[in-house]
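> quick check, what structure comes out for this input:
(2 chains)
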Amino acid sequence: MTAETALSVPTSPTATTPILEVRRISKYFGTVIALKDVSMTLLPGEVMCLLGDNGAGKSTLIKILSGVHQPDEGEYLVQGRPVRFNSPREALDHGIATVYQDLAMIPLMSITRNFFLGSEPTIGRGPFRRFDIRRANAIVRAELAKIGIDIRDPEQPVGTLSGGERQSVAIARAVYFGAQVLILDEPTSALGVKQAATVLRFIAQARARGIAVILITHNPHHAYPIGDRFTILKRGRTLGTFTKDELPREEMIRMMSGGEELEQLEDELQHYRA
Amino acid sequence: MVTRIQTEAPRDERMLRENLIGKLLRRPELGAVGGALLVWILFALVAGDRGFLSLRGTANYLEVASQLGILAVAVALLMIGGEFDLSVGSIIGAAGMAIAILSVEYGWHIWAAIGVSLAFSLLVGALNGILVVRTRLPSFIITLGSLFIIRGATIGLTRLITGRTQVGGVKGTLGYDSAASVFASTLSIPDPASQRGLSAEFSISIFWWLLIAAIATYILLRTRPGNWIFGIGGDANAARNVGVPVNRMKVILFMATAASAWLVATIQVLSAGGADTLRGEQREFYAIIAVVIGGTLLTGGYGSAIGAVFGALTVGMVQQGIIYTGIDSDWFKVFLGAMLIVAVLVNNFIRKRASEAK
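Below is the predicted model of the structure:
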């Protein structure tokens, strides 16, 4: 399947068990209510866009989902079973992988060494057990070829890749190590148009393979074409989850860019002209 | 550096040649190899006819380089892992004194004394590591503290036990010959340049240096822990999140560094036949200089053991080469400091060229 067809065919949400669900979760930092009574479901093979202004609670929510924070109230279920993660590693072991904006990629290390850090394939036994670089390079080359990045040398430093390629490598790594849920925090925010397209295409490919994706983005032009459903957060609470039909593009853009505030601002700015 | 190619077939064989220069530029030790070569040529021109190029001259600077190099290789691993150890010089003093006191004053078999000294060094390294990991203080601070604690305790205890600050007579202790053959023997090669028929004595420490460098390089480039060391130094949090045992690796690296100091101490005590409480002073700085000249990044995550080998070689050549030129060796430190700064500038330049986005 080419990336273009994958992009244009939205997967229909089927009536299966949500791969991930939160029920009325709340999180407090001291006296600050970061999240209050937020519920959300995520189905296999869908892209859920998490929208909201700064301070709306998006970061807190994904940090709970990825095991960095624990909710103070409410339930967190993975494939119908309640869970409580004490570390990102535990979430990872349940197939929930988070790719942060800063990527957690080490620029001076090679692509292969980054890709396999912590999960290096080995060859040989006992004291002769060693990092199987040849196999690791072959896997990296093949995995990246799948997403249309043809690298000349998997041992070149990650720093030589473009931003979009780095994002894609980070996502490819999560997928390769068996992620069922991908949480992507602003994957396109620092990217140019072409590079962002590379990443969006790759998200569509991951969805086509049945992986569920939670996408956090500020950019409605990135969210709308790829998203199947949209959850909107405001001041720590959820305004609900909408499908594409329920939420016309213009309405979404208005909500995302803080429409009311912008209109107010426009009025204010008018005064200065006079 | 990245190209998108329509065909999916790997083209390694063709790419290899185009990429060779790029690949070389990407190696951290490139600058150090060039620097060592440059220094050698310089001294060969200035002092070649005064003995620098002779076999004995070579054995001379190789011995100095080897003792520094043993330290530098271990320190390189630690620094790639993102930490410092300023206490290695003090550990040399303490470990050497432990061997001398136990064997000479208490009449222990030398191998037992060497073994206890190793255990002590590993313990100190582990303590350094655990303190760094637990307190989350910079290792610079922790090991600066242990630098003074260990040196002070060594002087204090030695004076308390022996009434002196130097202990000699190791050559007469039980089992000395067998230990000396492992740590302090030399390979004699007749020097054709010598009119008096003298031989060049190649110290066994050169062998230890190369062996340890080979092991360290293998670990770094071809094992899982090696990859973790790069990861820990590059981004400890990222490494932790993908399951790398960051704290355990750091403690092990501090222990390895302490063990290298013990090896240097053992070689020195057995060659000299005695120990001095001030042995190893400032060696921590020489080791760091050798490592940095070798292309290892001060902030961790990048570097090589081979680079440290050439860094140590460079320092050794300068230290001994100056004597052959006839310039007062007081000037050695001026050269060393200047070399450090130039090396960092050159290495930064190379690294930038090698790793910048296209």
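> near chain B, which residues of the stretch 101-250 of chain A are found?
With Cβ under 8 Å from any Cβ of the partner chain as the criterion, the stretch 101-250 of chain A comes near chain B at residues A:104-109, A:113, A:116-120, A:122, A:129-131, A:133, A:141, A:145, A:148-153, A:156-157, A:159-163, A:165. The C-beta positions use only the backbone N, C-alpha and C, and glycine is treated the same way.
> please pick the buried ones from the residues you listed.
Neighbour-count burial (16 or more other Cβ atoms under 10 Å in any protein chain shown) applied to those gives A:104-109, A:113, A:116-118, A:120, A:130-131, A:133, A:141, A:149-153, A:156-157, A:159-163, A:165.
> am I right that B:Val269 sits in a helix?
Yes - assigned with DSSP: H, G, I helix; E, B strand; the rest coil, B:Val269 falls within a helix.
> how many neighbours does it have?
Using other Cβ atoms under 10 Å in any protein chain shown, B:Val269 is surrounded by 30 other residues.
> list the residues that contact it.
B:Val269 makes contact with B:Gly96, B:Ile99, B:Ala100, B:Val170, B:Ala275, according to Cβ atoms under 8 Å, 6 or more residues apart in numbering or on different chains.
> B:Ala272 is in contact with the third one, correct?
No - here B:Ala100 does not reach B:Ala272: they are 9.6 Å apart, not a contact under Cβ atoms under 8 Å.
> next, show the common contact partners of those two.
Counting by Cβ under 8 Å, 6+ apart, the shared contacts of B:Ala100 and B:Ala272 are B:Val170.
> strands of the chain, residue ranges please.
Looking at chain A here, since you left the chain open. Ranges of strands in chain A, per DSSP state E, are A:20-29, A:32-42, A:47-51, A:73-78, A:81-82, A:96-99, A:122-123, A:130-131, A:181-185, A:212-216, A:229-234, A:237-243.
> actually, chain B is the one I wanted.
B:166-167, B:186-190, B:199-203, B:275-276.
> got the CA coordinates for stretch B:154-164 in PDB?
Extracted in PDB, the C-alpha atoms of stretch B:154-164 (Å, rounded to 0.1, in the frame of the first residue of the first chain):
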ATOM      1  CA  THR B 154      47.500   7.700  52.400                       C
ATOM      2  CA  ILE B 155      50.000  10.200  53.800                       C
ATOM      3  CA  GLY B 156      48.500  10.100  57.300                       C
ATOM      4  CA  LEU B 157      48.300   6.300  57.600                       C
ATOM      5  CA  THR B 158      51.700   5.700  56.100                       C
ATOM      6  CA  ARG B 159      53.300   8.000  58.600                       C
ATOM      7  CA  LEU B 160      51.400   6.400  61.400                       C
ATOM      8  CA  ILE B 161      52.500   2.900  60.500                       C
ATOM      9  CA  THR B 162      56.000   3.500  59.200                       C
ATOM     10  CA  GLY B 163      57.000   6.900  60.500                       C
ATOM     11  CA  ARG B 164      58.000   7.900  57.000                       C
END
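> that one - what's its average pLDDT?
Mean pLDDT, stretch B:154-164: 96.
> contacting residues around it?
Contact with stretch B:154-164 is made by B:Ser90, B:Gly93, B:Ala94, B:Met97, B:Ile101, B:Glu105, B:Thr165, B:Val167, B:Thr277, B:Leu278, as judged by Cβ under 8 Å, 6+ apart.
> was I right to think the second one contacts B:Gln282?
No - look at B:Gly93 against B:Gln282 with Cβ under 8 Å: they stay out of range, at 11.1 Å.
> so which of those two has more stuff around it?
Taking neighbours as other Cβ under 10 Å, B:Gly93 and B:Gln282 compare with B:Gly93 leading, 26 against 10.
> OK, contacts around that one?
B:Ile150, B:Arg151, B:Thr154, B:Ala265, B:Ala275, B:Asp276, B:Thr277, B:Leu278, B:Arg279, B:Gly280, B:Glu281.
> any idea how far it is from chain A?
In this view, B:Gly93 and chain A are 33 Å apart by Cβ to the nearest Cβ, to the nearest Å.
> how far away is that residue from B:Ala312?
Shown here: B:Gly93 relative to B:Ala312, a distance of 20 Å by Cβ to Cβ, to the nearest Å.
> quick check: pLDDT value at B:Ser87.
Looking at B:Ser87, its pLDDT is 97.
> with A:Ile96 instead?
pLDDT at A:Ile96 comes out at 92.
> ok, it - contacts?
By Cβ under 8 Å, 6+ apart, the neighbours of A:Ile96 are A:Leu20, A:Leu65, A:Ser66, A:Gly67, A:Val78, A:Ala179, A:Gln180, A:Val181, A:Ile183.
> and the furthest pair within the residues you listed?
A:Gly67 and A:Gln180 (14.3 Å; Cβ to Cβ).
> which one's more surrounded, those two?
Using other Cβ under 10 Å, the more surrounded residue of A:Gly67 and A:Gln180 is A:Gly67, with 23 against 18.
> contacts only, for that one.
Going by Cβ under 8 Å, 6+ apart, the list of residues near A:Gly67 reads A:Phe85, A:Asn86, A:Ser87, A:Pro88, A:Arg89, A:Glu90, A:Ala91, A:Leu92, A:Ile96.
> now a ChimeraX select for only the buried ones of those residues.
Here is the ChimeraX command that selects the buried residues among these (16+ other Cβ under 10 Å):
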select /A:85,88,91,92,96
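> just the closest of the contacts of A:Gly67 to B:Ala184, please.
Among the contacts of A:Gly67, and counting by Cβ to Cβ, the member closest to B:Ala184 is A:Arg89, at 48.1 Å.
> once you drop chain neighbours, what's closest to that closest one?
Spatially, and ignoring its direct neighbours in sequence, A:Arg89 is nearest to B:Gly243 (5.6 Å; Cβ to Cβ, 6 or more residues apart in numbering or on different chains).
> just the terminal-to-terminal distance for stretch B:323-330.
10 Å (Cα to Cα, to the nearest Å).
> per-residue confidence averaged over that stretch?
87.
> cool, stretch A:194-204 as well?
Stretch A:194-204 carries an average pLDDT of 84.
> which other residues reach that stretch?
Under Cβ under 8 Å, 6+ apart, the answer for stretch A:194-204 is A:3-4, A:6-7, A:47, A:147-149, A:162-165, A:167-168, A:171-172, A:182, A:184, A:187-188, A:191, A:213, A:215, A:219, A:222, A:225-226.
> looking at B:Ala100 and B:Ala272, which one has more neighbours?
Between B:Ala100 and B:Ala272, counting by other Cβ under 10 Å, B:Ala100 is the more crowded of the two (30 against 16).
> list the contacts of the more buried one.
By Cβ under 8 Å, 6+ apart, the contact set of B:Ala100 is B:Ala113, B:Val167, B:Gly168, B:Val170, B:Val269, B:Gly274, B:Ala275.
> please indicate which of those residues are buried?
B:Ala113, B:Val167, B:Val170, B:Val269, B:Gly274, B:Ala275.
> how about those in JSON lines, adding pLDDT?
Shown next, in JSON lines, are the buried ones among the contacts of B:Ala100 (pLDDT from 0 to 100):
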{"residue": "B:Ala113", "pLDDT": "97"}
{"residue": "B:Val167", "pLDDT": "95"}
{"residue": "B:Val170", "pLDDT": "94"}
{"residue": "B:Val269", "pLDDT": "97"}
{"residue": "B:Gly274", "pLDDT": "95"}
{"residue": "B:Ala275", "pLDDT": "96"}
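> now flag whichever of the residues you listed is closest to B:Met79.
When these are compared for distance to B:Met79 (Cβ to Cβ), B:Val269 wins out at 26.6 Å.
> contacts only, for the closest residue to the closest one other than its chain neighbours.
Leaving out its chain neighbours, the residue that sits closest to B:Val269 by Cβ to Cβ, 6+ apart is B:Gly96, at 4.5 Å. Counting by Cβ under 8 Å, 6+ apart, B:Gly96 touches B:Ser117, B:Ala265, B:Thr266, B:Gln268, B:Val269, B:Ala275, B:Asp276, B:Arg279, B:Gly280.
> thanks again, I'm all set now.
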